[in-house]
Structure formats: C-alpha cells, structure tokens
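Colleague: generate coordinates for the sequence data below:
(chains A and B)
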Amino acid sequence: MSVEPTDPGAAPAAPAPSDFIRDIVAQDVAARRHAEIITRFPPEPNGYLHIGHAKSICLNFGIARENNGRCNLRFDDTNPVKEDVEYVESITTDVRWLIAGWADHCLGLKVKGGTPAQQTVNGRADAYAAPAPASARDTEAFFASDYFEELYGYAVALIQRGHAYVCDLTPEETEAYRGAPDKPGRDSPYRTRSVAENLDLFARMRAGEFPNGARSLRAKIDMASPNIWLRDPLLYRIRHTAHHHAGDKWCIYPLYDFAHCLSDYLEGITHSICTIEFEVHRPLYDWILQRLELPRALPRQYEFAKLNISYTIFSKRRLLQLVNERHVNGWDDPRLPTLSGARRRGIPASAIRRLAALVGVTKFESVTDVALFEHAIRDELNALAARRLAVLRPVKVVLTNLPAGETVLCDATNNPQDENPTTRQVPLTREVYIESEDFAEVPPPKYFRLKPGGEVRLKYACIIKCDEVVKDATGAVTELRCTADLTTRAGGTNADRKVKGTIHWVSANLSVAAEVRLYDRLFTVAEPGATDDFTRHLNPGSLEVVTARLEPSLATARVEDRFQFERLGYFALDPKDSAPGRPVFNRTITLKDTWAKK
RNA sequence: UGCCCGAUGGUGUAAUGGUAGCACAAACGAUUCUGACUCGUUUUGUCUAGGUUCGAGUCCUAGUCGGGCAGCCA
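Modeller: Reported below is the predicted structural model:
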C-alpha cells in the first residue's frame, strides 16, 4: 500500500499511517471499487488556512499519496458575499507549501479557465471536471463556481423529478416553518407547486426577476424529519452580487449542501472527507446524489474530528479578531497558528505533517497538547538545522591573556546529527560576548556555567577562568575579565580537560548585530477558546525583541536556511522584514530546557 | 426535553472477542565541548451499572458525561 521508497540503504521509511478512514479506503481498494482514489481539500476562500486545516490537508493528500491517487484543491466558493481572491491566493500558496516535496505529485489542479467536459456514460449525459494533464502550462485550482451551469442543470432535473420546489416564504417564515429539533416543522404552502410552475419560477430566479430573499429553491424531503437538514433544505438563494471567480453571470447561488456533493461527483471524488459537524448533513448529501440517478459512481462522505491544540485558537472569527484588534501583526504573525504564520516563524512544513501523523484521525474531538507539536518541530529542526553561535543578551568578556588584534580560528561543527558533519571556522578574539544568563555572581546550586573564580568552556574554543567581575556604579556587571587556557583547544595538549559547563559565545568585534524576535505562546491558558473573552488571556510576553550578536557566517544567511543557535533554540530569517545587511531573525522554538524548568 | 456522534494513563492514540501497546509529557539515571540530541529505568489508563461469552476496552441494554445539528454560512 505504501509508496515510500524501499531503498535498502536508506533509513526505514515511516510506516504508512492507519486510521478508520484509511481502513475504509483500503477496503475499497481491495474490493476494486474505484479505478483511482480521489480525495479533495475544499476550503472556502474566506480566511487564512491554519494548523487545523493542515490536519485535513495531510489526511486528504496523504490518502491520495498512499494510494497513487489524487487530491483536488477545490475552492468551495458558493457564497460571493463572504469570499475574496485574496484568500484563494493565500490558500493556494499555503497548500503548496505544506505538501511540497511530499505530495506535490498528487495535487489535482485543472487547466486555467476550464469547466467540466460534457460526456456520455452508459448512454446518459454526464459532466466531468478533469484534472489538467501533466503537459498543461497554465493551471489553477478547481472551483465550485465553475460548476454553476451544471449545478443549475441538476437543480432543474430535481424539479422535473418532483424533488425540489420554488418557495416564496421569507427567511423569517422559513425559519418558523422549520420547527425545532424536538418539534416537527410545517410544510411550506408552496410545496405542492406544479413542476411546470417550479421550472418557470426557477428560470425567472436565474433571470434576475426577483429581489434577494424573495424566493428560494428547496428540496422536497420531509418537514417532520428528526434531522433538521432533511426538512426541505434550501438549495438555491437569490443574491444579486458579483462573484469573485464567476463574475456577474449569476444572481442565484447554490448552498453548500447542494453544491458540495455534486462538485464531488463532477470531479470523480471517491472519498469526501470532512469534519464531524457535517455528519448530520450526510443523509442530505446522499439524498441529492441518489435522486439524480447519475451515471457514474457516487462519492461517499466520511467525517473526522478536527484538530485542537492547547494554548492557541483556530476559530476563524477569533483569529480575525486578533488581527483586526491588532493583538498580532497580520495573518502571518509568527505567533498565530496560521500556516503563513508558521511558515514565517520558520516551522518546517514537515513538522506540521509530522504533527498530523502523530495526532491520528478519530471521531473524538480532543485537545492536543502543544508539547506534541513542539516536539515535532524540534525533531525536524534538529535533523536539518545548521548549528551557529549567537548571543541574545551579550555580556562582554575580556580574555586578558590574548593580545588585542589576535584572532584564533576555531573549527565548529555545522550539524553533529549529520552522518559526515562538516565544519566552519569561528574567530576567537580578546573580547568576546557571552550570554548574560551564563554568568552568575551568586550561582544557584548545581550551576554549571561561569561564576567568579570558576571555569567554563567556550564551545569550539577553550576553557576560560573568570578572574574579575567589573561593575558600573549601579552594581550591574559590565565586563568579565578572564584568562583563556589555549592548551584546552581541540588538538591541544589539554583538549580533553573536562569542565562542567560549555557555553556559546561570539567575538565582540568579529560578529554582526541583528534584531532577533523571541516568541512565546500567545495565550497563558491551555484553552483560551473556552472562555468568553479570550483576549484577556493573551500572553503579554509573547513577543520580545532583542539586539543579538551573531557569528560572522550568519551575515549571509538565506531565507530558506534553518539554524540552531546553540543552546538557545531554532531560528530562521524573517522573510518579510529582513533586508540585505539588516538581518532579522525569528526564534522558531527554544531548545528543550530541563534546567530552566526546575 | 428530538436526532446523530463519541468516551482507553496528564495529553494524543493502538489493540477489529484472546497478554491493554505506542508517542508526547513527567520523574530518575547514563552520556555529553549544546543542561540539546541519544540511551536506560519508572509513575499513571479501558466513564458507570448490568448482560452475552470459556474469555469483553471490543458485542448487547440502560445510565453518566462530552460534542454536533434549528444560516437564504461553509
């Protein structure tokens, strides 16, 4: 089943994930029910994608990938008043980023501007929205709005079969007639209109003869059904509004329930996977498809529980509020759980995919500990991040036995996780900076770092001893005067001398200054979404900006590079605010710190 | 108070009638030129009550708790 390469020399591939939906797909494959497994990721272009969506993307593309199938990116754009091209662009970018190097080959797109092709299947008319051939130059995502003509035809067919009618009830009346969960609804007085009259009225709805809300097209099912969604649900509403993708061709727009199942059908979707709030819609999904007696196999809907992560929020409304009220700086603020925020923060797409694999797929809506996500991020970054030396809060150290002007080049390992690690050189000079946290005049118990009269190793360089602490008038430490034992350098006679602590450092004059943004969780409580005013729990310390000193090699860092600043965490260039000669780094995540925790 | 869905350590999950396992987290230890990584050890679990069965986390019944559904949103 797995398409993972089975290279005998390579590390064993991760086992293909397994869950109840993949089990169903596997059974369908075993039974040869479909020529190809086709899923879809169907966002509405009315907001930015977040980590919660990533779970769905990974599920849908993962299933396609594991079965040599396809996953269509489709915009579910049936409500022009809420949607915008800004979002179709950001969503497309985010999806491509998330699946890059993993499932690009499964991404279903269509020829730009393409609409469903008419075909005949078993002697019956049919339409099919085909993916773009590999040779196609100009491609774009699928759009439900590209199916408006077909959808209209299906609506007409439903009317002709006596399964739909035009209703003149106002929105308020419709609501009143619907009843309540424990009270049956009442039939609309327009429910018994003739097919001919319905056809005429529906055509006139399309022609724009009626104002918004004056009439609607409804399915004729059962106003007494215990399932609200079977109480003659609306199929079409009148909206005299232009559409961001379809233009001004339409003034009637299909509703989700009508458009979604048929869009799935048109694209040949085999498994339509959505979140559990749509579970009660499934009977309607099947009802519409079955009444139309379509010539090809019907898609089936399956539901899973959406992702929640502690210390953050995924609600579109609340995310929007954070942006609008300027608690964060835009949708791609690195503190936000949006995919654009995560990307900007330096989180690799692979870490998000790993999280999705780690949390699994069930019907139980849970709250995943953010620690699991952090673990996935660290684990991915540990393998691919180049180690560098950087000091966030510098304290000057003068190595009194090193002549000014002398530079000692030290070999530093780029990534000890590599099978054959490479090295670079970092310059040691008379004046260096160390992290202010790495010196304590009055050290707590078991403090491994520098203290008066104590010794510590400067990583990749040598052991130094603190001889003198220089302070200013206020008592703040301004300088540490130390002696360096150059015989403890790698290859030196005392190279193997052990000291308890090893700290990071940079040369004072041979280092570069940079703005570094330190992020912490956005909220101070595990479930901010559970409270009424979630903004009360915003973490005031979620962003701290420092001017750090970086080793010289970091001056040429590229946006796509990932770094571990040793002993501090993982960092990446901010792709937006960095400029040549003026690097801005974002801290993606700290290293695990079992010492600080105590 | 209608219908649908769900419930396994602190968290997320596996076990498809046959030894409750994994990951994260936590604790302790080893190792360490990153208090990271790695390695070892340990703590903690089948919502409740009945029933079926040689045997139940799994099947049945009832209950409890949680989620979803009454947009011309998706």
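Colleague: and the stretch 301-450 of chain A, which of its residues are near RNA strand B?
Modeller: Residues of the stretch 301-450 of chain A lying near RNA strand B by C-beta under 7 Å from any atom of the strand: A:305, A:358-369, A:371-372, A:374-375, A:378-379, A:382, A:387, A:415-417, A:446-449. To be clear about C-beta, it is placed using only N, CA and C from the backbone, and glycine gets the same treatment.
Colleague: list the contacts of the closest residue to RNA strand B within the stretch 301-450 of chain A.
Modeller: Using C-beta to the nearest atom of the strand, the closest approach of the stretch 301-450 of chain A to RNA strand B is made by residue A:366 at 2.9 Å. Applying C-beta atoms under 8 Å, 6 or more residues apart in numbering to residue A:366 gives the contacts A:305, A:308.
Colleague: ok, residue A:590 - how many residues close by?
Modeller: Counted with other C-beta atoms under 10 Å, residues neighbouring residue A:590 total 16.
Colleague: return the residues in contact with the closest residue to it other than its chain neighbours.
Modeller: Nearest non-adjacent residue to residue A:590, counting by C-beta to C-beta, 6 or more residues apart in numbering: residue A:569, 4.0 Å away. Residue A:569 is in contact with A:587, A:588, A:589, A:590, A:591, counting by C-beta under 8 Å, 6+ apart.
Colleague: follow-up on the earlier one: PyMOL command for the buried members of the residues of the stretch 301-450 of chain A next to RNA strand B?
Modeller: In PyMOL syntax, the buried subset of these is picked out as below (16 or more other C-beta atoms under 10 Å):
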select buried, chain A and resi 305+359+360+361+368+374+375+378+387+447+449
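Colleague: show me the contacts for residue A:467.
Modeller: Going by C-beta under 8 Å, 6+ apart, residue A:467 touches A:400, A:453, A:481, A:482, A:483.
Colleague: quick one, phi psi at the closest residue to residue A:393 other than its chain neighbours?
Modeller: Of all residues not flanking residue A:393 in the chain, residue A:436 sits nearest, at 4.4 Å (C-beta to C-beta, 6+ apart). For residue A:436, the backbone dihedrals (degrees, to the nearest 10) come out as phi -60, psi -30.
Colleague: neighbours around residue A:436, how many?
Modeller: Neighbour count for residue A:436, taken as other C-beta under 10 Å: 14.
Colleague: which stretches of the stretch 451-598 of chain A form strands?
Modeller: For the stretch 451-598 of chain A, the strands defined by DSSP state E, counting those that start in this stretch cover A:455-458, A:463-471, A:477-485, A:502-503, A:505-507, A:512-519, A:543-550, A:563-565, A:569-573, A:584-590.
Colleague: distance to residue A:240 and mean pLDDT added to these, as a markdown table?
Modeller: Shown next, in a markdown table, are the strands of the stretch 451-598 of chain A (distance: least, C-beta to C-beta, whole Å; pLDDT from 0 to 100):
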| stretch | distance to residue A:240 | mean pLDDT |
| --- | --- | --- |
| strand A:455-458 | 72 | 98 |
| strand A:463-471 | 75 | 98 |
| strand A:477-485 | 71 | 97 |
| strand A:502-503 | 68 | 98 |
| strand A:505-507 | 64 | 98 |
| strand A:512-519 | 45 | 98 |
| strand A:543-550 | 44 | 98 |
| strand A:563-565 | 54 | 98 |
| strand A:569-573 | 47 | 98 |
| strand A:584-590 | 45 | 98 |
